[in-house]
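Student: for reference, the sequence and a predicted model appear below.
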Amino acid sequence: MTQTAASVQDMAHHLHPFSDNKQLKESGVRVIEKADGIYIYDNQGNKIIDGMAGLWCVNIGYGRKELGDIAKNQMDELAYYNTFFKTSHPAVINLSAKLAEVAPAGFNHVFYTGSGSESVDSMMRMVRHYWASVGKPSKTILIGRWNGYHGSTIGGASMGGMKGMHAQGGLPIPGIEHIEQPWYYGLHNEGETPEEFGLRAANWLEERIIEVGADNVAAFVGEPIQGAGGVIIPPSTYWPRIQEICQKYNILLVADEVICGFGRTGSWFGHETLGFKPDIFTTAKGLSSGYLPIGAVFVGDKVVEGILQGGEFNHGFTYAGHPVSAAVALKNVQILQDEKIIQNVHDVTGPYMQQKWREMLAQFKYVDDVRGVGLIQGFTLVKNKATREMFPNEGETGTALRDIFFRNNLIMRACGDHIVASPPLTITKEEIDLMLATAEKCIQEFEANMDAKLGA
Ligand SMILES: Cc1ncc(COP(=O)(O)O)c(CNc2cccc(C(=O)O)c2)c1O
């Protein structure tokens, strides 16, 4: 890719996240200047379909000017004040009431952060504070899943199960355990039904609890659907069994809703779609549709009651409940509500997109395990569908296809050799057709390249 002047300047001063910055200096970057609806526009005049809604976050779509108006008005009124030391402000008071309104029953309090990672870290500290407050201080261990993703702070990266992240910086921190993920396609036994596998996968939690001792376990933490792990959707029996186990051993159940929250799966929150009720859930991304940074931990009544007994909770951030972020988040949630965007995902565009992906992908020999719920979509690139043999050098093949999408002005995400899509929730059926027509052309090119490479 020929580097634009802006790219050269970027490369001179900017270290990018989750990137090999040496390689990036050679390849350069695509400079995105504008966005509208499901489209982003780079500085070379390309109109690009953003099949990832930024980073799974621009739920209401780009270009909603009313959020900028709200931000300016709030900025002019009160650009910043904190919520420490017995103070609050109208923006965060109004947002909190709205979040209690859209949350499931039993969730009437939120704790604010600046990101999903900070929401996860806050949850981790809150959970341990809860058990200490109710007289069980030995309950400190948090259990997550391998290939789960919970952010990039030391707490969030430890809670997550990405081994490449653990290898950088001596993670995980003590007190974190991981069990295997409920990945039916890759981990089921011959002849085992999804329902049977879902129970077996959930029971890995009970086995671990017994190993470490229930009196030492504080919580189980999981994404309703693993996002960055490649859209891993557990069988229907998984989460209800997890819920039973947590109740049996008196362990808090935490849902990480940073991706699944605010409509992605066709309900306000993913745990409503997947059929379980957590004690706490973490959010960010769709809370503001990425227009401004903000995160929120939704704390269930039982946990609130416990931590109210615990005196001061020594934790919080300068930007917690930031007035401009809170005002924009409130408008974002109102738009989701007023325009019935989540209902439309559930009733119309979610089922439509799922059907169209299945129909379109059926033609391909290296594509298997097509899956999705609402407007979160995944499929896996495999060398041999009959034997479920994966490609070597995990991620190399996924990246090759992602680069073809990128060259064809379509943003999709490769999570290893899983290909995922997570478009803005405002995507229309016509735009879904366009996204899939582009994707089809790219996958055809990918398959021709792979056949040539394998001499098929
Ligand atoms: C479930 C979950 N929990 C926590 C975080 C951390 O949120 P922040 O990034 O705001 O600290 C996430 C974030 N998820 C995320 C973030 C950046 C990139 C990608 C990707 O899939 O490429 C995914 C997430 O998906």
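Tutor: Yes, it's here. Worth saying up front: this structure is predicted, and the values here are computed from it rather than measured.
Student: tell me which stretches of the stretch 201-350 of the chain form helices.
Tutor: Under the criterion DSSP state H, counting those that start in this stretch, the stretch 201-350 of the chain carries helices at the ranges 238-248, 270-274, 301-308, 323-338, 341-344, 350-361.
Student: what sits up against the shortest one?
Tutor: The list of residues contacting helix 341-344 from outside it, by Cβ atoms under 8 Å, 6 or more residues apart in numbering, reads Asn59, Ile60, Phe262, Gly263, Gly266, Ser267, Trp268, Ile335, Leu336, Leu425, Thr426. (C-beta placed from N, C-alpha, C; glycine too.)
Student: between those residues, which is nearest Gly374?
Tutor: Gly266 (3.6 Å; Cβ to Cβ).
Student: show me what contacts the closest one?
Tutor: Gly266 neighbours (Cβ under 8 Å, 6+ apart): Thr273, Ile342, Val345, His346, Gly350, Val373, Gly374, Leu375.
Student: name the residues that touch the longest strand seen in the chain?
Tutor: As assigned by DSSP state E, the longest strand anywhere in the chain is strand 376-384. Strand 376-384 is contacted from outside by 56, 185, 225, 227, 230-233, 259-260, 264-265, 353-354, 357, 361, 366-372, 388-391, 397-398, 401, 417-422, 454, using Cβ under 8 Å, 6+ apart.
Student: for it, list every residue counted as buried.
Tutor: Across strand 376-384, burial judged by 16 or more other Cβ atoms under 10 Å covers Ile376, Gln377, Gly378, Phe379, Thr380, Leu381, Val382, Lys383.
Student: how near is the closest residue to the third one other than its chain neighbours to Arg388?
Tutor: With sequence-adjacent residues excluded and distances taken as Cβ to Cβ, 6 or more residues apart in numbering, Gly378 is closest to Val231, at 3.0 Å. Taking Cβ to Cβ, to the nearest Å as the measure, Val231 falls 17 Å from Arg388.
Student: up against the ligand, what does the chain have?
Tutor: Within the chain, the positions near the ligand by Cβ under 6 Å from any ligand atom are 55, 115-117, 120, 149-152, 156, 223, 227-228, 256, 258-259, 284, 413.
Student: could you flag which of these are buried?
Tutor: 115-117, 120, 149-152, 156, 223, 227-228, 256, 258-259, 284, 413.
Student: looking at these, which are in strands?
Tutor: Going by DSSP E, the strands hold Asp256, Arg413 from these.
Student: correct me, but the residue nearest to Gly378 touches Val420?
Tutor: Yes: using Cβ atoms under 8 Å, Val231 is in contact with Val420, at 4.8 Å.
Student: quick one: contacts for the residue of the stretch 1-150 of the chain at minimum distance from the ligand?
Tutor: Closest residue of the stretch 1-150 of the chain to the ligand, Cβ to the nearest ligand atom: Gly116 (2.3 Å). Going by Cβ under 8 Å, 6+ apart, Gly116 touches His150, Gly151, Gly156, Asp256, Val258, Thr282, Thr283, Ala284, Lys285, Gly295.
Student: give me the distance between the last one and Gln444.
Tutor: From Gly295 across to Gln444, the span is 40 Å (Cβ to Cβ).
Student: check the first one too.
Tutor: In this structure, His150 lies at 36 Å from Gln444, with Cβ to Cβ as the measure.
Student: SS state for the closest residue in space to Met435 that isn't next to it in sequence?
Tutor: Once flanking residues are discounted, Met435 sits nearest to Ile49: 5.3 Å by Cβ to Cβ, 6+ apart. At Ile49 the chain is in strand, as set by DSSP: H, G, I helix; E, B strand; the rest coil.
Student: residues in a beta bridge with Ile49, which ones?
Tutor: Beta bridges link Ile49 to Tyr39, Leu410, judged by DSSP bridges.
Student: doesn't Asn408 make contact with it?
Tutor: No: if you go by Cβ under 8 Å, Ile49 and Asn408 don't touch, sitting 9.2 Å apart.
Student: Val231 and Arg388: who's more crowded?
Tutor: Val231 (25 against 14; other Cβ atoms under 10 Å).
Student: just the ones in strands from the contacts of strand 376-384, please.
Tutor: Val367, Asp368, Asp369, Val370, Arg371, Gly372, Glu389, Met390, His418, Ile419, Val420, Ala421.
Student: okay but Met412 is in contact with Val420, surely?
Tutor: Yes: assessed by Cβ under 8 Å, Met412 is found in contact with Val420 at 6.9 Å.
Student: mind listing the shared neighbours of the two?
Tutor: Met52.
Student: just the buried ones among the contacts of strand 376-384, please.
Tutor: 56, 185, 225, 227, 230-233, 259-260, 264-265, 353-354, 357, 361, 366-372, 390-391, 397-398, 401, 417-422.
Student: now Met450: which helix or strand?
Tutor: Met450 is located in helix 429-454, with elements delineated by DSSP states H and E.
Student: got a list of what the closest residue to Gly398 other than its chain neighbours touches?
Tutor: Distances taken as Cβ to Cβ, 6+ apart put Ala414 closest to Gly398, at 3.3 Å, once the chain neighbours are dropped. Residues near Ala414 by Cβ under 8 Å, 6+ apart: Gly395, Gly398, Thr399, Leu401, Arg402, Val420.
Student: residue contacts, the third one?
Tutor: The one in question is Thr399. Counted by Cβ under 8 Å, 6+ apart, Thr399 has contacts Ala414.
Student: the ones in strands among the contacts of strand 376-384: which two are farthest apart?
Tutor: The largest separation in the ones in strands among the contacts of strand 376-384, counting by Cβ to Cβ, is between Glu389 and Ala421 at 24.3 Å.
Student: who's in contact with the closest residue to the ligand within the stretch 301-450 of the chain?
Tutor: Using Cβ to the nearest ligand atom, Arg413 is the residue of the stretch 301-450 of the chain that sits closest to the ligand, at 5.8 Å. Arg413 makes contact with Gly51, Met52, Arg402, Ile419, Val420, Ala421, Ser422, according to Cβ under 8 Å, 6+ apart.
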